[in-house]
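*Asks:* Coordinates only, no sequence provided:
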Ligand SMILES: Nc1ncnc2c1ncn2[C@@H]1O[C@H](COP(=O)(O)OP(=O)(O)OP(=O)(O)O)[C@@H](O)[C@H]1O
């Protein structure tokens with residue numbers, strides 16, 4: 001099953017163009033949707049999750065028309081929204097049981113087995129009787145995945161799930177996502193490049209509603225080979241370097257300012273070549289230093 005998004009556009013009533021002609025093909029596996037705040041990621045996720053309307057364009061999941069046949073989408077969808085609310089006094093087990101009933105798992109025995117399996121999978125079994133209000137950020141997000149997996153989804157959408165998690169919880173959350181079946185399409189929306197680097201075999205970069213890059217992370221990195229240069233600069237020099245070079249990122253490393261520059265040849269004295277990574281690819285794309293046409297849409301087959 002493939003998710004095909006074609007020419008999807010959305011403008012909010014206040015004039016913000018949140019999605020502008022978005023075309024993407026998403027295959028089973030982990031797909032990273034990267035973009036800065038306001039890029040349109042949540043708008044795209046909410047549209048695919050049938051929670052809001054697009055103005056134009058189309059999206060199909062296998063042979064389901066995502067924009068029109070919302071009930072069919074909901075039967076195969078798991079969704080962890082950005083602002084995932086919980087009932088603080090209810091236990092994890094009770095809420096999952098309740099949600100399982102709503103999902104139509106009406107046999108008590110089957111429901112119990114499913115809930116237990118999910119609590120185990122998300123490492124929450126020991127905490128199953130505790131009120132959700134007492135959960136840490138990481139436990140909440142893992143619970144969010146448990147509820148999203150209840151109906152055995154074919155399409156799992158997780159919107160900025162690792163924001164605010166501590167490093168250990170992030171790793172645990174990543175491992176959980178990485179274990180989800182190979183046949184499921186998992187879309188991970190995030191502004192954290194490392195999330196995509198660690199998990200995703202496919203990705204897209206979205207900015208101001210437009211797809212700037214789509215494909216395999218490794219391809220995006222390889223395209224920059226030989227073109228990323230590094231130099232440590234004094235604070236006083238930074239403005240000059242920024243004026244003269246195509247700076248893609250500046251970062252403090254142990255108190256010194258490290259600059260990464262995009263250049264087809266050596267940018268000059270003091271610069272040394274570095275192996276590009278996904279962060280370079282992301283920032284070079286966002287800053288417009290590399291023009292990489294999005295993967296062309298495959299014509300839809302009727
Ligand atoms: N209901 C709304 N009405 C008007 N503008 C909106 C609405 N929702 C989002 N926007 C605007 O649309 C743009 C895209 O927002 P969206 O939330 O989809 O981006 P995002 O990439 O998810 O960003 P974030 O990481 O901040 O959630 C932003 O400029 C945002 O301010």
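*Replies:* Yes, it's here. Note that the structure is predicted; figures quoted are calculated from it, not measured. Numbers count the residues shown, from 1 in each chain.
*Asks:* Bridged to the residue nearest to the spatial centre of the chain, which residues?
*Replies:* By CA atoms, centre = their mean, the chain has its centre lying nearest to residue 189, at 2.0 Å. On the basis of DSSP bridges, residue 189 is bridged to residue 33, residue 159.
*Asks:* pLDDT value on it, please?
*Replies:* Confidence at residue 189, expressed as pLDDT, is 95.
*Asks:* The ligand contacts on the stretch 1-150 of the chain?
*Replies:* Proximity of the stretch 1-150 of the chain to the ligand, by CB under 6 Å from any ligand atom, involves residues 12, 14, 16, 18, 35, 37, 38, 39, 40, 41, 42, 43. All C-beta spots, glycine's among them, are computed from the backbone N, C-alpha and C.
*Asks:* Try it again at 8 Å.
*Replies:* Residues of the stretch 1-150 of the chain lying near the ligand by CB under 8 Å from any ligand atom: 12-14, 16-19, 35-46, 82.
*Asks:* hmm, back to that, contacts only, for the residue nearest to the centre of the chain.
*Replies:* Counting by CB atoms under 8 Å, 6 or more residues apart in numbering, residue 189 makes contact with 33, 35, 41, 42, 44, 45, 157, 158, 159, 160.
*Asks:* I'd like to know which of the residues of the stretch 1-150 of the chain next to the ligand are buried.
*Replies:* 18, 19, 35, 39, 40, 41, 42, 43, 44, 45, 46 (16 or more other CB atoms under 10 Å).
*Asks:* so where do the strands sit in the stretch 151-300 of the chain?
*Replies:* Assigned by DSSP state E, counting those that start in this stretch, the strands in the stretch 151-300 of the chain fall at 155-159, 185-190, 202-207, 210-215, 228-233, 246-253, 256-262, 272-273.
*Asks:* Give me the domain ranges for this structure.
*Replies:* Per automatic domain parsing, the domain ranges recorded for the chain read 3-86+135-215, 226-274.
*Asks:* Quick check: pLDDT value at the closest residue to residue 195 other than its chain neighbours.
*Replies:* Distances taken as CB to CB, 6 or more residues apart in numbering place residue 162 nearest to residue 195, at 5.6 Å, with adjacent residues excluded. Residue 162 is assigned a predicted lDDT (pLDDT) of 87.
*Asks:* ok, residue 162 touching residue 141?
*Replies:* Yes - taking contacts as CB atoms under 8 Å, residue 162 lies within contact range of residue 141: 7.5 Å.
*Asks:* shared neighbours, the two?
*Replies:* residue 173.
*Asks:* hmm, back to that, ok, and which of the domains of the chain has the densest surroundings?
*Replies:* Counting by mean count of other CB atoms under 10 Å, domain 3-86+135-215 has the highest mean neighbour count of the domains of the chain, with a mean of 19.
*Asks:* For residue 207, give the beta-bridge partners.
*Replies:* Judged by DSSP bridges, the bridge partners of residue 207 are residue 210.
*Asks:* Please verify my assumption that it contacts residue 34.
*Replies:* No - shown here, residue 207 and residue 34 do not form a contact pair, counting by CB under 8 Å, at 9.2 Å.
*Asks:* Any chance of the domains of the chain in a markdown table with distance to residue 104 as columns?
*Replies:* Listed next are the domains of the chain as a markdown table, based on distance: least, CB to CB, whole Å:
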| stretch | distance to residue 104 |
| --- | --- |
| domain 3-86+135-215 | 8 |
| domain 226-274 | 48 |
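*Asks:* Of all these, which one is nearest residue 122?
*Replies:* Nearest of these to residue 122, taken as CB to CB: domain 3-86+135-215 at 4.2 Å.
*Asks:* before we move on, back to that, mind checking which of the residues of the stretch 1-150 of the chain next to the ligand land in strands?
*Replies:* Among those, the members found in strands (DSSP state E) are 17, 18, 19.
*Asks:* so which of those comes closest to residue 63?
*Replies:* Of those, the one sitting nearest to residue 63 (CB to CB) turns out to be residue 19, at 23.2 Å.
*Asks:* distance of the closest residue to residue 81 other than its chain neighbours from residue 47?
*Replies:* Distances taken as CB to CB, 6+ apart put residue 159 closest to residue 81, at 5.6 Å, once the chain neighbours are dropped. Distance from residue 159 to residue 47, counting by CB to CB, to the nearest Å: 12 Å.
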